[in-house]
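all I have is the shape, not the residue letters:
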């Protein structure tokens, strides 16, 4: 039995929303938000090229991006990336851990598609309440400052009720990003993001 067949036997819940193919207007919105002079990825194409030629490129990018899902294919070149490790400023000893920033440089064409998908995956959990209300990581309008305000209010409200407050803070970040893709896909399908994960799981080079 393959890994995919085992996953199908797990009895995932019905998807909470249907994934829709990216639209030209969505691509145009993402391009308009790109920083014009970011460091280029393996393809050597700068963001400013897409920004300045947005009206010419979007009519071609739209069909290409939609074909990646309708045909279940993903160009091998889009998977290429460059990992650059930058030193953090004002750090006296660069031999220590946690004094570097790992920066992933992606192909610009692939990055725009990924940003379109990410935009959907960020907003849909809010619309369909797939995440807890007090979840702050990677959500719009939920910054570190917001989380500090939340913790402060929660603590002071408990004190006003003459209650004690205890907290456990865990630092689980690592020097380089890592994840188990199969587990991530499994967790997202359990939350109701089934159709998008199904399409991505079946993509071929």
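All right, it came through fine. All of these numbers come straight from a predicted model, not from anything done at the bench.

hey, let's count contacts and neighbours off CA atoms from now on
OK.

and the residue nearest the centre of the chain, what pLDDT?
For the chain, residue 118 is the residue whose C-alpha lies nearest the centre (C-alpha atoms, centre = their mean; 4.9 Å). At residue 118, the pLDDT value in this model is 86.

which element is it on?
helix 108-127 (DSSP states H and E).

do the same with residue 86
strand 81-87.

what helices and strands are in contact with that strand?
strand 100-106 (3 or more C-alpha pairs under 8 Å, 6 or more residues apart in numbering; DSSP states H and E).

neighbouring strands for the strand it packs on, and are they parallel or not?
Note on strand 100-106: by DSSP bridges, its sheet partners are strand 81-87 (antiparallel).

what's the partner strand in contact with?
For strand 81-87, contacts defined as C-alpha atoms under 8 Å, 6 or more residues apart in numbering pick out 41-42, 94, 99-107.

now restrict the residues you listed to buried residues only.
Among the contacts of strand 81-87, those buried by neighbour count (16 or more other C-alpha atoms under 10 Å) are 41, 99-100, 105-107.

which pair of the residues you listed spans the longest distance?
99 and 107 (26.3 Å; C-alpha to C-alpha).

next, residue 13: phi, psi?
Backbone torsions for residue 13, taken as degrees, to the nearest 10, come to phi -70, psi 160.

show the contacting residues for it.
Residue 13 neighbours (C-alpha under 8 Å, 6+ apart): 189-192.

repeat for residue 117
Residue 117 touches residue 22, counting by C-alpha under 8 Å, 6+ apart.

swap in residue 26?
residue 116.

and it, what's its pLDDT?
94.

you'd agree it is in a helix?
Yes. Applying DSSP: H, G, I helix; E, B strand; the rest coil, one finds residue 26 inside a helix.
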